[in-house]
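generate a structure from the sequence data that follows.
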Amino acid sequence: MKTYLRLVATVFLLFAVSQVLPAQDKGKEIYLDIMQQAVEAYTPEHIDQYIADIETRGITEHGFARLTSNMGVLIAHGRLQQYKDKFIHMMDLCTKEIPTCAKRNRSIGEIGNEFAVKEIVLCILEVEAAGIVPKEKTDEWRAALTDMKADDIYVVKPKPGDPTARNWCVFGSTSECARIMAGIGGDRSFADKYLGDQLRFFDENGMYMDPGQPTVYDMVTRLQYMLALYCGYDGPAKQGIIDNLRKSARLTLNLQSVTGELPYGGRSNQFLHNETFFAAVCEYYATWMAKEGDMELASRFKAAAKRASASLAYWTSQTPLRHVKNRFPTETGYGCESYAHFNKYMVTAASWAYSAYLFADDSIKAADIAEEDGTFVTSDKFHRIMMNNGGYTVQFDTDAEKKYDSSGIGRFQKAGAPPVLALSSPCPTTKPNYKLDINNPGPLAIAPLWDEYKIVKAEKGLVVLTDGKAVWTTKLSRRGMKIILKGDGMQLMTLPALIFDGETEPLVESSKHSLAILFNGWVCRYKTNGIISDTGTIHANRNGHLRRYDANRKGRLVIRGKISQES
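Model (predicted):
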């Protein structure tokens, strides 16, 4: 048993090193590797069934087009040659279906031409450049797509003055930019209209505010604006795009956790594709800053991109590959919104990895670290605080959208450790907007039972919050996290402990003054001057099941949290 534990510890030590030191030997080829891993998660039998479904029902969502386009890019780069004939057939289906599916199948599916068109067009360019398909065939594909009208093929077209952000129309605008660049039709006025209209939804930090302010749709929408510029967009919205992207540049580094992940928060979070589009955004910034002569900042973005792509190693090293960050069987849909199914979201990791590949400049050398330690507070619209210090990350949400998250500390991580060991994301309310397999008792994070969270102070290694009655101080250093909760009467802090990730049951040990979670050769240990009690309550989030423990003490409660390898 001891030998096994030493072996496990060694494996995770190697993983830890990979998280601290950016990969330097693969360059942008790492993104093709990630693309291949994502595509190969679909077995030949799965692909055949997928094709049969499209032949029978037509395209009802954009996962098929994404699988097709990524397969084509990989074949064009000398990979997956066994799929060449199948790819050609799939491309025939896509180019036949895309011009008509929005009108024909909208009522029975979530038509996503906004996403699919760009990817199919860029795939055609890759295939033509590689010369792997006869010109007659690529000309046939081009002809099928050239006469499409933007207003006919895209579903989301917000009316003037619509007060709600609509990230889909930014995707559609980028697809039109790709068509224009490739000479496959395209509507410049459509791109001008919606790229410009959606600029009103950027906050003062240049973060895009889709409804609920989800982190994913800030970052991935910024990526679409980047892709529009990459495809040559030079219309009236261009300067506004550049201004907002510049405002949000430095904060992108601040938002990354020490494990390489983007912040939790809102819908579509905790999927593997989150880190591939984070890498793509950082690659774009790296290349942009290098062109402007700021090589110091460019090298930091390059390091952040490498850290984001390296973070996927923890998940892609496990088989079978899952598209969401847990180990529940894929068919259960655990941790997924209704739209976030495997067929669509597994290959999405490849799509954004391809964007990173397009943007990446291997002449830019990665810095030793992506960003200095510090604390960053978003605007009130996003209500998040990020702390990075001493190899640790702590993330707060001061006004969580309870359908997805909980207020308080929803992330406590250390570089190199399994990202879900202590906490990667909080637990939602009793009726979450994603699927769980138990009746979740309600929100859960590392937090007091407060109704509101007001920021008193936020600086390097220190965050102070209050609800107007008590004061919560959190300090972060290389020694770990120190929490002090002070006020009149009994003070209580909830402590979630992972007990099941869908496949493995971590060992949880508790005593009067301590709590420890042991998982894959690592341990998260809490010690307190208060009393720790097991509530017996089992909560759930996207990552798995968590048991709620409470720490109590009258007047002044102190909790120290540390993550380390098992000795």
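
in stretch 186-204, what counts as buried?
186-188, 190-199, 201-203 (16 or more other C-beta atoms under 10 Å). Heads up, the C-betas are built off the backbone N, CA and C, glycines and all.

check stretch 72-81 too.
Across stretch 72-81, burial judged by 16+ other C-beta under 10 Å covers 72, 73, 74, 75, 76, 77, 79, 80.

switch these over to JSON lines; also include distance to residue 532.
Output for the buried residues of stretch 72-81, formatted as JSON lines (distance: C-beta to C-beta, whole Å):
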{"residue": "72", "distance to residue 532": "55"}
{"residue": "73", "distance to residue 532": "52"}
{"residue": "74", "distance to residue 532": "51"}
{"residue": "75", "distance to residue 532": "56"}
{"residue": "76", "distance to residue 532": "57"}
{"residue": "77", "distance to residue 532": "54"}
{"residue": "79", "distance to residue 532": "52"}
{"residue": "80", "distance to residue 532": "52"}
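
so which of the buried residues of stretch 186-204 belong to helices?
188, 190, 191, 192, 193, 194, 195, 196, 197 (DSSP state H).

tell me which of these is nearest to residue 388?
Residue 388 has its nearest neighbour among those in residue 195, at 32.7 Å by C-beta to C-beta.

excluding chain neighbours, give the residue nearest to the closest one in space.
For residue 195, ignoring the flanking residues on the chain, the nearest one in space by C-beta to C-beta, 6 or more residues apart in numbering is residue 237 at 4.2 Å.

ok, now which ones touch that neighbour?
192, 195, 196, 199 (C-beta atoms under 8 Å, 6 or more residues apart in numbering).

do you know how far it is from residue 191?
Taking C-beta to C-beta, to the nearest Å as the measure, residue 237 falls 8 Å from residue 191.

next: residue 561.
48 Å.

and if you look at residue 443?
41 Å.

residue 121 now?
13 Å.

contacts only, for the residue nearest the centre of the chain.
The residue lying closest to the centre of the chain (C-alpha atoms, centre = their mean) is residue 274, at 1.9 Å. Taking C-beta under 8 Å, 6+ apart, we find residue 274 in contact with 216, 261, 262, 268.

of these, which belong to helices?
residue 216.

now for the contacts of residue 274, which pair is the farthest apart?
Between any two of these (C-beta to C-beta), the greatest distance is 13.6 Å, for 261 and 268.

now do the helices in the stretch 151-300 of the chain.
167-182, 188-197, 215-230, 238-247, 249-255, 273-291, 295-311 (DSSP state H, counting those that start in this stretch).

the ones you listed: which one's closest to residue 320?
With C-beta to C-beta as the criterion, residue 320 lies closest to helix 273-291 of these, at 17.1 Å.

got the buried residues for that closest one?
Here helix 273-291 shows 273-290 as buried, counting by 16+ other C-beta under 10 Å.

again with stretch 162-170
Under the neighbour-count criterion of 16+ other C-beta under 10 Å, stretch 162-170 has 165, 166, 167, 168, 169, 170 buried.

mind putting the residues you listed into TSV with pLDDT?
Formatted as TSV, the buried residues of stretch 162-170 follow (pLDDT from 0 to 100):
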residue	pLDDT
165	95
166	94
167	96
168	96
169	97
170	98
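
can you redo those residues as CSV with distance to residue 476?
Shown next, in CSV, are these (distance: C-beta to C-beta, whole Å):
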residue, distance to residue 476
165, 33
166, 37
167, 33
168, 38
169, 40
170, 35
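
quick check: of those residues, which lies closest to residue 408?
In terms of C-beta to C-beta, no member of those lies closer to residue 408 than residue 165, at 26.4 Å.

now residue 495. Nearest residue, chain neighbours left out?
Spatial nearest neighbour of residue 495, excluding adjacent residues (C-beta to C-beta, 6+ apart): residue 549 at 4.5 Å.

what is the strand or helix carrying the one you found packed up against?
Residue 549 belongs to strand 544-565 when assigned by DSSP states H and E. For strand 544-565, the elements it packs on are helix 2-20, strand 408-414, strand 480-500, strand 522-528, strand 531-541, judged by 3 or more C-beta pairs under 8 Å, 6 or more residues apart in numbering; DSSP states H and E.

go with 7 Å
Under the contact definition 3 or more C-beta pairs under 7 Å, 6 or more residues apart in numbering; DSSP states H and E, strand 544-565 sits against strand 480-500, strand 522-528, strand 531-541.

check the offset of the longest one from the chain's centre.
Put plainly, it is strand 480-500. Counting by C-alpha atoms, centre = their mean, to the nearest Å, strand 480-500 is centred 28 Å from the centre of its parent chain.
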